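Chemist: Mind looking at a prediction? Sequence and model below.
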Amino acid sequence: MFQHRPFNKIVVPTDGSAWSERAIPYAVDFARISGGEVILLHIFTPPMHEFVDSLAIAGEYELANRIREEIKQHLLGLRNEVREEGVECRLHIIDAVGVGQHIIEYIEAENIDLAVMTTHGHSGLARLVFGSVANKVMHDVNVPVLVIRPDLE
């Protein structure tokens with residue numbers, strides 16, 4: 001007989017775009033079926049992060065904090081929408097550079113059971129040059145990863 005472990009903790013990495021948020025309904029469905037929770041994860045990379053020493057001079061700290069707060073408010077709205085569907089949901093924002101690696105570390109540290117994410121449809125040269133966060137996550141974690149192509153909906 002086939003066995004699988006339950007999907008108690010389902011993470012949805014989101015960059016705040018409408019594309020990335022198309023993974024949320026799939027995560028909600030899995031959580032509803034398995035009685036699990038959805039975790040909205042955002043890796044926040046401050047603008048101009050390469051020039052950290054000059055941030056204070058340029059006033060970029062205030063800009064970064066304002067952007068981070070806007071993202072947080074947006075995610076809180078999404079969290080409330082998921083909860084209205086009868087599914088427990090929380091959010092986690094990590095300030096870091098290196099989105100793919102930090103998603104992987106989060107999945108491992110938090111004992112995530114399933115990752116549900118979208119791919120932005122990069123192909124050919126764009127995939128080669130920019131890489132794919134979804135591809136990196138799929139190959140570097142030991143949990144199931146459901147990848148949604150939002151352009152097919």
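Modeler: Looks like it came in fine.

Chemist: the longest helix in this structure is where?
Modeler: The longest helix of the chain (DSSP state H) is helix 60-84.

Chemist: residues touching residue 40, list them.
Modeler: 12, 14, 24, 75, 78, 79, 82, 89, 90, 91, 92 (Cβ atoms under 8 Å, 6 or more residues apart in numbering). All C-beta atoms are positioned from the backbone trio N, CA, C, and that covers glycine.

Chemist: Try it again at 6 Å.
Modeler: 12, 14, 75, 78, 91 (Cβ atoms under 6 Å, 6 or more residues apart in numbering).

Chemist: bridging residues for it?
Modeler: When bridges are called by DSSP bridges, residue 40 pairs up with residue 12, residue 91.

Chemist: Please report how far it lies from residue 67.
Modeler: 17 Å (Cβ to Cβ, to the nearest Å).

Chemist: Residue 91 now?
Modeler: The value you get for residue 91 to residue 67, if Cβ to Cβ is used, is 16 Å.

Chemist: Give me the more crowded residue out of the two.
Modeler: residue 91 (19 against 15; other Cβ atoms under 10 Å).

Chemist: Just list the residues touching that one, thanks.
Modeler: 40, 75, 79.

Chemist: wait, what's in contact with the second one?
Modeler: Read that as residue 75. Residue 75 makes contact with 40, 91, according to Cβ under 6 Å, 6+ apart.
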